[in-house]
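**Q** give me coordinates for this.
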Amino acid sequence: PSHPPQAGTSLYGSDLFSLHWEHSELINLNRALKKFVCSNVVKEALKQGVMQTALSGLLAAVALPSTLLSISNAIDNTWSVCVERADKAALLLAEVLKDGWHGDRPVTLVGYSLGARLIFKCLLELERLQCVGIVENAILISAPVSERVSDWTRARKVVAGRLVNVHSSKDWVIGILRRVQAPQSGVAGLRAVNLPGVENCDVTRLISQHWDIPRLIPEIIELL
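**A** Sure thing, here's the model as predicted:
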């Protein structure tokens, strides 16, 4: 659920820091997700291509097979808790950055999955606080956030350099969880965000499942 900075992930020769937040809750979510992925119903759905159909953008969560919905509902509570904690941690991170605890240098924020959501919500809070010039770059990998243009426009305002949405159409784990939670909203971690100023990097060829992301972060960064 959380990983220390890895060799080869240094950006622009800068120092690296890892944000640790709600470790126990993320461990619980990781276990629940692995149990979900290993269920016989999910395995059969993968074989039949149901997941890719569900994430094609043509179907909402309500169109998923009822058996998949019932299983995903079993982890919905754990997921919802972690989403809430990520959003709260985002507000704290925004305050820390605003108060300059990181020093005088601008920062580059990199996160995946709920970590990417935390960063996105942090950017929205910085925009609300009218704090511009603190964040130089932000890289969001497989972010379970809305692709709503109005939100991304706000995030873009506080990023001086690059705002990158790294997405994979094969990451059906965040796709299903996000769609069950907000079925009417597209998922930025699955496809490109259509907004000038937001860079989109499609890593579908690299990521075959959600668990691939941590070990592939150096390679993803290298692509950017």
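**Q** what pLDDT does the residue positioned nearest the centre of the chain get?
**A** Central residue of the chain (CA atoms, centre = their mean): residue 143, 2.0 Å from the mean position. Note on residue 143: pLDDT of 94.
**Q** residues touching it, list them.
**A** 111, 112, 113, 116, 117, 119, 120, 165, 188, 189 (CB atoms under 8 Å, 6 or more residues apart in numbering). From N, CA and C alone the C-beta is placed, and that goes for glycine too.
**Q** and with 10 Å instead?
**A** 111-120, 165-167, 174, 178, 187-190, 193 (CB atoms under 10 Å, 6 or more residues apart in numbering).
**Q** please apply the same query to residue 150.
**A** Applying CB under 10 Å, 6+ apart, the residues near residue 150 are residue 195.
**Q** please repeat the previous calculation with a cut-off of 7 Å.
**A** Not one residue lies near residue 150 by CB atoms under 7 Å, 6 or more residues apart in numbering.
**Q** can you report phi and psi for the residue in the chain sticking out farthest from the centre?
**A** When distances to the mean C-alpha position of the chain are computed (CA atoms, centre = their mean), the maximum falls on residue 104, with 27.2 Å. The phi/psi pair for residue 104 (degrees, to the nearest 10) reads phi -90, psi -10.
**Q** likewise for residue 33?
**A** phi -70, psi -40.
**Q** just give me the neighbour total for it.
**A** By other CB atoms under 10 Å, 20 other residues sit near residue 33.
**Q** gap between it and residue 176?
**A** Per CB to CB, to the nearest Å, residue 33 is found 10 Å from residue 176.
**Q** equivalent analysis for residue 97, please.
**A** 32 Å.
**Q** neighbour count: the two, which is higher?
**A** For residue 97 versus residue 176, the count of surrounding residues by other CB under 10 Å is larger for residue 176: 24 against 21.
**Q** any idea which helix or strand comes after the helix or strand the more buried one falls within?
**A** In the assignment (DSSP states H and E), residue 176 maps to helix 172-181. Counting by DSSP H and E, the element after helix 172-181 in chain order, helix or strand, is strand 198-202.
**Q** and the helix or strand just after that next one, what's buried?
**A** As assigned by DSSP H and E, the chain's next helix or strand after strand 198-202 is helix 213-223. Neighbour-count burial for helix 213-223, counted by 16 or more other CB atoms under 10 Å, picks out 213, 216, 217, 220, 221.
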